[in-house]
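**Q** 3D model of this:
(chains A and B)
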Protein chains: 2
Amino acid sequence: MADIVRDLAMKSDTKIVLLVLDGLGGLPREPGGTTELETARTPNLDALAARSECGLHLPIGFGITPGSAPGHLSLFGYDPLACPIGRGVVAAMGIGFPMQAGDVAARLNFATLDAAGAISDRRAGRIPTEKCAELCGLLKAVKIKGVEVFVQPVKDYRAVVVFRGKGLSDAVADTDPQASGVPPLDPVPADEKARHTAEVAKEFVAQARKILASQTPANGILLRGFAELPHIPSMKELYALDALAVAVYPDYKGVARLVGMEVVEDLADLDAQAKALAARWASHDFFFVHHKYTDSRGEDGDFDAKVKEIEKVDAFLPRIIELKPDVIIVTGDHSTPAVAKAHTANPVPFLVNASGVRPDGVKKFGERECARGAWGIIPGNVLLRLALSLAGKLKKYGA
Amino acid sequence: MADIVRDLAMKSDTKIVLLVLDGLGGLPREPGGTTELETARTPNLDALAARSECGLHLPIGFGITPGSAPGHLSLFGYDPLACPIGRGVVAAMGIGFPMQAGDVAARLNFATLDAAGAISDRRAGRIPTEKCAELCGLLKAVKIKGVEVFVQPVKDYRAVVVFRGKGLSDAVADTDPQASGVPPLDPVPADEKARHTAEVAKEFVAQARKILASQTPANGILLRGFAELPHIPSMKELYALDALAVAVYPDYKGVARLVGMEVVEDLADLDAQAKALAARWASHDFFFVHHKYTDSRGEDGDFDAKVKEIEKVDAFLPRIIELKPDVIIVTGDHSTPAVAKAHTANPVPFLVNASGVRPDGVKKFGERECARGAWGIIPGNVLLRLALSLAGKLKKYGA
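**A** Predicted coordinates for the structure are as follows:
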């Protein structure tokens, strides 16, 4: 099907906006209650839904809980199972680090270790980004023979390390045990080919611990998501789209870069995103607009705060609509119900608005209303095709 | 997708119950009427449905009428088309016969033949199981050179024969013509490789007829479903589940054994099943609870009796709920409408109950209500993945 779409895709003047509320899907706070989205006052989304076709999508498949990267790849029209992307690559791309073929990246989290070497805080008290950058600077002193090492801050306690050298492999296990009270794990190679990389990682961790020994609270590091750069054909190649990412948060810029999107830098908030969208409206025809904090508040378990983030996006929506896009899709990359405090596999509500849709009677943008929408439950990666088609960007198939 | 699920599956303390009402799906008795399930008084199922997500499933695919074995394989999460299982194997596994690689099993039904050798009753007046066992004992006298022959009773007029020897094949046609008034068919080989096995079967039938000649009413046999043992990875391998089958009827224990479930023996009825479930609750995390008689009464064409069987299961349901499973799925393995007196390809209603679902407004567990449920019509073999996910037994996919 991907090849067919590539053959049928054509350039046109129409504009598509994909508005992603990260982790949008929710669950009722109590039995018989409403979800975050159902609870939120969303007059603009509701009015748009009433002019749209609605449904729910499964980003990866039945019962599969999506990570952020595969969730977004699906929304960009890719089969996430055919394009596995490690966390390290997402992190490196997110901060604009120019990864090269053969590089291996890993997410580096600063952590607090107790006197016995066990992890007392996997996030080092959520140190601020400035402190993170300072510590990354200290780690420049690490020297490993035959390997270049880059350490770059991401956000808060999160950083990324990239190893560059001959014969590296990403088949190395995480050192983050995903628990406190235990020491970090060794970076274990999954196969013979990864033995050298595991030794490099081990040496890196050992030198980092010495360098950080006197720091408080960030006196240790945890590595996870060792990953090489995958090859993914761009949205330009596949769909003839000139795509622009209008996102605040680094990881999502990273996924956007992986599929060849141009990325607007230094956006602080929705207001800045709205301005960037208007400023770049003429030069692109696909706009990926991303709001992170619905997911963050879901992960925090803060139902009311997630509701407020949804309402913020609702208030922002008219600034998209006034640009008169030909197609608007509003959805999430996965569900992050506050009651779950985590991503879940629950289907994700969406609406597709365009002049060529048949409004299906959904009056309020919400999970249960969308379940009664025209599309039912469909795979997440077909939404892009619907958008292309409604934007007049796909030729007819066959005579 | 199967490989992904295997990678993501993890052990946890949560419990899943899959309650199967065999042949659950039905049809209205008259135009404008209700189905068996819609007719039944099912207060417990209805209350559970109101706290669940509902839908209909297709065990094998659009328009395909499922046999019992593929219908169940689908519910156990397998692709039934990728795991063909002959009836003979199901029957042999059902009675716990230790089949070995290279064995060929066939279902053996005792039948009544008239003086001319035509079938007058394909079920030999439904002789009792004791008589069946006695006749199987007599058939031990059959001797075929180079082949060991095992004949074991199953239930009523049903038995199983297993041939063990070198160079056997299951590509042999049934001798049961599925009609009376005509003589049994010859066991015809489908290819050159099966010629020897067909001769073995023919010799077996000939000797059996001599041995049974003086019996009334079971003076003949019909063979069907010649089958070799397939290799199917277990639910433990695929999903890290310790699965227990709580079924009365041998064939369903057989399918359960094929996917590596432990099987509770000597259960007489729903009351015994409820006791077994409670007694084994601590030691397993997936419980397959099977009720046969909804299907039997459907096959009989007895609408009212099928309604009563559904009501019996409804009365039994609280004994599952009081064990507080984390996930309950209630469904069927296919439809057996009383008006059809047979399995049909009609979609099968299901409900999925767990703390992480979004109740979808279905108030009564029935085919038409479920069609308006959140899931619409989905493949049967994804239900297990939904259950695993809702039970917290699948890790997140990707970063």
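**Q** would you put the C-alpha positions of stretch A:315-322 in PDB?
**A** This file holds the C-alpha atoms of stretch A:315-322, laid out as PDB (Å, rounded to 0.1, in the frame of the first residue of the first chain):
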ATOM      1  CA  ALA A 315      -8.400  28.100  22.900                       C
ATOM      2  CA  PHE A 316      -5.500  27.900  20.500                       C
ATOM      3  CA  LEU A 317      -7.500  26.100  17.800                       C
ATOM      4  CA  PRO A 318      -9.100  29.200  16.200                       C
ATOM      5  CA  ARG A 319      -5.600  30.500  15.300                       C
ATOM      6  CA  ILE A 320      -5.200  27.400  13.100                       C
ATOM      7  CA  ILE A 321      -8.700  27.700  11.700                       C
ATOM      8  CA  GLU A 322      -8.300  31.300  10.700                       C
END
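**Q** Next, the buried residues of it.
**A** Neighbour counts over stretch A:315-322 (16 or more other Cβ atoms under 10 Å in any protein chain shown) mark A:316, A:317, A:319, A:320 as buried. All C-beta spots, glycine's among them, are computed from the backbone N, C-alpha and C.
**Q** What of stretch A:159-174?
**A** A:159-163, A:165, A:168-174.
**Q** first vs last residue of that stretch, how far apart are they?
**A** End-to-end distance of stretch A:159-174 (Cα to Cα, to the nearest Å): 15 Å.
**Q** starting at the chain centroid, how far to it?
**A** Distance of stretch A:159-174 from its chain centroid, counting by Cα atoms, centre = their mean, to the nearest Å, is 21 Å.
**Q** that older thread, I'd like the buried residues of stretch A:159-174 laid out as TSV, including secondary structure and distance to residue B:35.
**A** As requested, the buried residues of stretch A:159-174 are exported to TSV (DSSP: H, G, I helix; E, B strand; the rest coil; distance: Cβ to Cβ, whole Å):
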residue	secondary structure	distance to residue B:35
A:159	strand	60
A:160	strand	58
A:161	strand	61
A:162	strand	61
A:163	strand	63
A:165	strand	67
A:168	coil	62
A:169	coil	58
A:170	coil	54
A:171	coil	54
A:172	strand	56
A:173	coil	53
A:174	coil	52
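**Q** Would you reformat those as a markdown table and include distance to residue B:72 and pLDDT?
**A** Listed next are the buried residues of stretch A:159-174 as a markdown table, based on distance: Cβ to Cβ, whole Å; pLDDT from 0 to 100:
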| residue | distance to residue B:72 | pLDDT |
| --- | --- | --- |
| A:159 | 50 | 96 |
| A:160 | 48 | 96 |
| A:161 | 49 | 97 |
| A:162 | 50 | 97 |
| A:163 | 50 | 97 |
| A:165 | 53 | 95 |
| A:168 | 47 | 95 |
| A:169 | 42 | 95 |
| A:170 | 40 | 94 |
| A:171 | 38 | 95 |
| A:172 | 41 | 96 |
| A:173 | 37 | 96 |
| A:174 | 38 | 96 |
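**Q** just curious, which of the residues you listed is nearest to residue B:184?
**A** Using Cβ to Cβ, residue A:171 is the member of those that lies nearest residue B:184, at 59.8 Å.
**Q** Ramachandran coordinates for the closest one?
**A** phi -80, psi 60 (degrees, to the nearest 10).
**Q** so it sits right up against residue A:191, yeah?
**A** Yes - in this structure, residue A:171 is within contact of residue A:191 by Cβ atoms under 8 Å, at 5.3 Å.
**Q** Residues of the stretch 101-250 of chain A that sit close to chain B?
**A** By the rule Cβ under 8 Å from any Cβ of the partner chain, the part of the stretch 101-250 of chain A lying against chain B is A:107, A:225.
**Q** how far away is the closest residue to residue A:377 other than its chain neighbours from residue B:299?
**A** Leaving aside its sequence neighbours, residue A:377 sits nearest to residue A:56 (Cβ to Cβ, 6 or more residues apart in numbering or on different chains; 4.8 Å). Going from residue A:56 to residue B:299 by Cβ to Cβ, to the nearest Å gives 37 Å.
**Q** go on, residue A:393?
**A** 53 Å.
**Q** gap between the two ends of stretch A:221-234?
**A** 34 Å.
**Q** now swap in stretch A:124-141 and tell me
**A** End-to-end distance for stretch A:124-141: 21 Å, by Cα to Cα.
**Q** Pick out the residue in the stretch 201-350 of chain A sitting closest to chain B.
**A** In the stretch 201-350 of chain A, the residue that lies nearest chain B is residue A:345 (4.2 Å; Cβ to the nearest Cβ).
**Q** Let me know how buried that residue is, in neighbour terms.
**A** Neighbourhood size, residue A:345 [other Cβ atoms under 10 Å in any protein chain shown]: 26.
**Q** so who does it touch?
**A** Applying Cβ atoms under 8 Å, 6 or more residues apart in numbering or on different chains, we find residue A:345 in contact with A:58, A:62, A:63, A:64, A:65, A:66, A:335, B:386, B:389, B:390, B:394.
**Q** looking at those, which has the most residues close by?
**A** Neighbour counts for the contacts of residue A:345, by other Cβ under 10 Å, peak at residue A:335, which reaches 32 neighbours.
**Q** Please enumerate the strands of chain A.
**A** Ranges of strands in chain A, per DSSP state E, are A:16-21, A:53-58, A:104-113, A:119-121, A:147-155, A:158-165, A:220-228, A:243-247, A:262-263, A:286-291, A:327-331, A:348-354, A:377-379.
**Q** From the contact counts, what lies against the second one?
**A** In terms of contacts (3 or more Cβ pairs under 8 Å, 6 or more residues apart in numbering or on different chains; DSSP states H and E), strand A:53-58 is packed against strand A:348-354, helix A:367-371, strand A:377-379.
**Q** List the buried residues in stretch A:128-139.
**A** A:131, A:132, A:135, A:136, A:139.
**Q** quick check, distance from it to the centre of its chain.
**A** How far stretch A:128-139 lies from its chain's middle: 23 Å, per Cα atoms, centre = their mean.
**Q** contacts for it?
**A** With contact meaning Cβ under 8 Å, 6+ apart, stretch A:128-139 is reached by A:110, A:127, A:149, A:151-159, A:161, A:208, A:211-212, A:215, A:218.
**Q** Stretch A:145-153 too?
**A** By Cβ under 8 Å, 6+ apart, stretch A:145-153 touches A:92, A:95, A:97, A:108, A:129, A:132-133, A:135-136, A:139-140, A:142-143, A:159-166, A:168, A:200, A:204.
**Q** what ranges do the helices span in the stretch 251-399 of chain A?
**A** A:270-279, A:293-300, A:303-321, A:367-371, A:383-390 (DSSP state H, counting those that start in this stretch).
**Q** what angle separates the longest one from strand A:16-21?
**A** Comparing the axes of helix A:303-321 and strand A:16-21 via axes from the mean of the first three to the mean of the last three Cα atoms, to 10 degrees yields an angle of 170 degrees.
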